[in-house]
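Visitor: I need the structure of the sequence given here:
(one chain, ligands or ions: 1)
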Amino acid sequence: MGAKYQEFHRRSIEDRDGFWREQAQLIDWHKPFNAVLDYSKPPFAKWFVGGETNLCHNAIDRHLKERAGQAALIYISTETGEEKTYTYAELHAEVQRMAAILQSLGVGKGDRVLIYMPMIPEALFAMLATVRIGAIHSVVFGGFAANSLATRIDDAQPKVMVTADAGMRGGRAVPYKHLVDESLRLAQSPPQKVLIVNRGIDKAMPIVAGRDLDYAALRAKHMDAQVPCVFVESSHPSYILYTSGTTGKPKGVQRDTGGYAVALAASMRHVYQANPGETYFTTSDIGWVVGHSYIVYAPLINGMATIVYEGTPIRPDAGIWWKIVQDHKVSVMFSAPTAIRVLKKQDPAFLKKYDLSSLRHLFLAGEPLDEPTAKWIAEALQKPVYDHFWQTETGWALLTGLPGIERHPTKFGSPSFPAYGYDVRLLNDNTGKEVGPNEKGVVTVVPPLPPGCMTTVWGQDDRFVQTYFTSFKEPMVYTTFDWGIRDKDGYYFILGRTDDVINVAGHRLGTREIEEAISAHAAIAEVAVVGVADTLKGQMPTAFAVVNDPAKIATPELRAALEKEVMGTVDGLLGPIARPNHVYFINQLPKTRSGKVLRRSIQAIAEGRDPGDLTTLDDPVGIQMVKDAVTGG
Ligand code: AMP
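Guide: Reported below is the predicted structural model:
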């Protein structure tokens, strides 16, 4: 950890006002703020109070003078073969058309727009158009099922939904509109209007007259639309993004406007060392926080071209990403360990085939970066590879290197140091005291959280405080729900979640949510879901279920059939993303005398480890059943 980093970080904590006042200059303010921070109601932090700005203005309009003809959005679909580049001027026009459509459907300041879209330019138009008119978007990942979508519709109560007929993945059509129809049947308070981008993939898409509207037809009506930005107070919500927690009900992470724009602009300089005019390539999806921050907003706020890629990393071959880097002179790339593990199984010659001289470095996040994967990609790329740690809640990195401030030697498996603005403490979970070097503790942050972080849970201030700020007393801290250690050189290492959240291919899933879905199957009496280590996806959910009638699992054929059915139930309620890799049927779950399921022991056995302390176990039969199930005994 170098002196420049230390000074930068120290100042961000000790001179919060001065530090963030400077960073705030990186964006345009329609009206200047009168205070950097209002922290009169801890832990609620209001950044840049009284200032007025707009995310879309900062992402598009303010660049027009200098960059109207420069590429802003480069769309590449290896699924449909389409490629299209939008300049800043063209993006400006498209976003205004979309904004005019939304306005014509009655969307105004503070209204919600739910976006359920594949990776196509119109998805970004919709996001940018929503914030342009002061409305609030809620993007839901396309892999979620109708039921999950309905829960989010009911929580956000959108005025309009924007979707497409279908997406494509691995050459197969993935229906979107179909799912939307089902979700609208399930939702208690469905929106009146659904705007559909018809890509011509799902020819059998049903249309509900009066509710479903064709984007192309409406766009044609608004070709010359001029829709000025609605400037909003800095703390006005820009979006809601749902994430899993330990309860079955997803939390709507709410983000502000001014703080988010400043945080993203600052991160492009200090973290990613990304320059205006260059090209940024994030391989995530707009349905995740990484997509929100680093496919859409940060690259555009920074005056860059952003790559919007629809496809997998290995189609048409495993060189596709590196071809994109070469063809579009990508300077900074952002991906996830799971994707690199997929590439690692392919021929490394693909990495050598393309000219990667434009690439400055690669950032990875979303899950622990294992050493073999980190080594493989660093050697294959011959470029610096940075692991960094963050969450949907933080919106940008919490632990990271800062090559834009000072290059530092990285350590395999470590996301390096606390980012500026984060006063990170590792706390002993029993005593609440800070742990020493190489001792395990919970990663926490002394509030106020810096700009860009979640400001509350949508509509549930109490839940925000209760969930994130009550794990420890005196001082009150924000908990990440991650275990970590810090070595004697100050490098942090993340050891996994402290709660029942698992990480599948970089995506967060609550095991309780999956348990609830499995329990919805009529044959299931009780179930425990645990995350089990997986070489490709990091973790996979594995279920241990008790049936209410043993006759249903009397033969191997019946078991196999029921397992398939249960997986189908999960697909239907949560989406294939949450489907367990195995559903083992046992007669009894291992529980403590007080009736708590011993999830950690089940997980240990499923991973082939020692189940640990079993003194609280009520009946050893359950544990034996789990053992027999996983070993096939
Ligand atoms: P999400 O909110 O879906 O982005 O998931 C956030 C969670 O992913 C964190 O709380 C961590 O458990 C995990 N995570 C993200 N980045 C890293 C990383 N670089 N190393 C280890 N775990 C990570």
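Visitor: Mind pulling the model confidence for Gly633?
Guide: Looking at Gly633, its pLDDT stands at 67.
Visitor: for Leu614, what are its contacts?
Guide: By Cβ atoms under 8 Å, 6 or more residues apart in numbering, the contact list for Leu614 reads Leu598, Ser601, Pro620, Ile623. C-beta coordinates here come from the backbone N, C-alpha and C atoms, glycine included.
Visitor: which among the residues you listed end up buried?
Guide: The neighbour count (16 or more other Cβ atoms under 10 Å) marks Leu598, Ser601, Ile623 as buried among the contacts of Leu614.
Visitor: and those residues, which of them are in helices?
Guide: Cross-referencing those against helices under DSSP state H gives Ser601, Ile623.
Visitor: With distance to the ligand and pLDDT added, can I get the buried ones among the contacts of Leu614 in TSV?
Guide: Converted to TSV, those look like this (distance: Cβ to the nearest ligand atom, whole Å; pLDDT from 0 to 100):
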residue	distance to the ligand	pLDDT
Leu598	22	87
Ser601	21	90
Ile623	27	90
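Visitor: wait, which of the buried ones among the contacts of Leu614 is closest to Ile320?
Guide: Within those, proximity to Ile320 (Cβ to Cβ) peaks at Ser601, which comes in at 42.7 Å.
Visitor: contacting residues for that closest one?
Guide: Pro590, Pro611, Gly612, Leu614, Leu617, Ile623, Val626 are the contacts of Ser601 under Cβ under 8 Å, 6+ apart.
Visitor: quick one: which two of these are the most distant?
Guide: Using Cβ to Cβ, the pair of the contacts of Ser601 lying farthest apart is Gly612 and Val626, separated by 13.1 Å.
Visitor: quick one, which of these two is more surrounded?
Guide: Neighbour comparison, Gly612 and Val626: the larger count goes to Val626, with 25 against 12 (by other Cβ atoms under 10 Å).
Visitor: who touches the more buried one in this structure?
Guide: Phe544, Tyr584, Ile586, Pro590, Ser601, Ile602, Ile605, Ala606.
Visitor: change it to 7 Å
Guide: Phe544, Ile586, Pro590, Ile602, Ile605 (Cβ atoms under 7 Å, 6 or more residues apart in numbering).
Visitor: I'd like the residues you listed laid out as a markdown table, including pLDDT, distance to Leu186 and neighbour count.
Guide: Converted to a markdown table, these look like this (pLDDT from 0 to 100; distance: Cβ to Cβ, whole Å; neighbours: other Cβ atoms under 10 Å):
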| residue | pLDDT | distance to Leu186 | neighbour count |
| --- | --- | --- | --- |
| Phe544 | 96 | 28 | 29 |
| Ile586 | 93 | 32 | 23 |
| Pro590 | 91 | 35 | 27 |
| Ile602 | 94 | 32 | 27 |
| Ile605 | 94 | 37 | 25 |
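Visitor: Of the residues you listed, which belong to helices?
Guide: Short answer: the contacts of Val626 in helices (DSSP H) are Ile602, Ile605.
Visitor: interface residues of the stretch 401-550 of the chain facing the ligand?
Guide: By the rule Cβ under 6 Å from any ligand atom, the part of the stretch 401-550 of the chain lying against the ligand is Pro415, Thr480, Asp482, Ile494, Arg497, Asn503, His507, Arg508.
Visitor: Next, Ala508: secondary structure please.
Guide: Careful, residue 508 is Arg and not Ala. Here Arg508 takes the strand state, with states given by DSSP: H, G, I helix; E, B strand; the rest coil.
Visitor: Let me know the distance separating the nearest residue to it once chain neighbours are set aside from Leu536.
Guide: The spatial neighbour of Arg508 that comes closest, neighbours along the chain excluded (Cβ to Cβ, 6 or more residues apart in numbering), is Ser244 at 5.0 Å. Separation of Ser244 from Leu536 (Cβ to Cβ, to the nearest Å): 20 Å.
Visitor: So the two - more neighbours on which side?
Guide: Neighbour count, other Cβ under 10 Å: between Ser244 and Leu536, Ser244 has more, with 24 against 12.
Visitor: ok, now which ones touch the more buried one?
Guide: Ser244 sits in contact with Pro250, Val501, Arg508, Leu509, Gly510, Glu513, where contact means Cβ under 7 Å, 6+ apart.
Visitor: Can you name the residues bridging to the fourth one?
Guide: Looking back up the chat, that one is Leu509. Ile502 (DSSP bridges).
Visitor: and the helix or strand of the chain with the lowest mean pLDDT, C-alpha only, in PDB?
Guide: Among the helices and strands of the chain, strand 507-510 carries the lowest confidence by mean pLDDT, DSSP states H and E, at a mean of 87. The C-alpha coordinates for strand 507-510 follow below in PDB (Å, rounded to 0.1, in the frame of the first residue of the first chain):
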ATOM      1  CA  HIS A 507     -25.200 -13.600  -8.800                       C
ATOM      2  CA  ARG A 508     -26.600 -13.400  -5.400                       C
ATOM      3  CA  LEU A 509     -29.400 -15.800  -4.300                       C
ATOM      4  CA  GLY A 510     -31.000 -16.200  -1.000                       C
END
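Visitor: helix or strand right after it?
Guide: Next along the chain after strand 507-510, taking DSSP states H and E as the criterion, comes helix 511-519.
Visitor: Export only the CA atoms of that next one, formatted as CSV.
Guide: Provided in CSV are the C-alpha atoms of helix 511-519 (Å, rounded to 0.1, in the frame of the first residue of the first chain):
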residue,chain,number,x,y,z
THR,A,511,-31.2,-19.9,0.0
ARG,A,512,-34.5,-19.0,1.8
GLU,A,513,-36.0,-17.9,-1.4
ILE,A,514,-35.1,-21.2,-3.1
GLU,A,515,-36.4,-23.1,-0.1
GLU,A,516,-39.7,-21.3,-0.3
ALA,A,517,-40.0,-22.1,-4.0
ILE,A,518,-39.3,-25.8,-3.5
SER,A,519,-41.8,-25.9,-0.6
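Visitor: what's the average pLDDT for that helix?
Guide: Helix 511-519 comes out at a mean pLDDT of 90.
Visitor: Buried residues of that helix, list them for me.
Guide: Thr511, Arg512, Glu513, Ile514, Glu515, Glu516, Ala517, Ile518, Ser519.
Visitor: How about stretch 315-330?
Guide: For stretch 315-330, a neighbour-count test (16+ other Cβ under 10 Å) marks Ala318, Gly319, Ile320, Trp321, Trp322, Lys323, Ile324, Val325, Gln326, His328, Val330 as buried.
Visitor: Including pLDDT, could those residues go into TSV?
Guide: Formatted as TSV, the buried residues of stretch 315-330 follow (pLDDT from 0 to 100):
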residue	pLDDT
Ala318	95
Gly319	96
Ile320	97
Trp321	97
Trp322	97
Lys323	98
Ile324	98
Val325	98
Gln326	98
His328	98
Val330	98
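Visitor: What about these, which are in strands?
Guide: Residues of these located in strands (DSSP state E): Val330.
Visitor: Give me the contact list for the strand or helix carrying Glu7.
Guide: Here Glu7 is covered by helix 3-14, with elements defined by DSSP H and E. Helix 3-14 is touched from outside by Phe19, Leu402, Ile405, Glu406, His408, Phe417, Pro418, Tyr420, Gly421, Asp423, with contacts defined as Cβ under 7 Å, 6+ apart.
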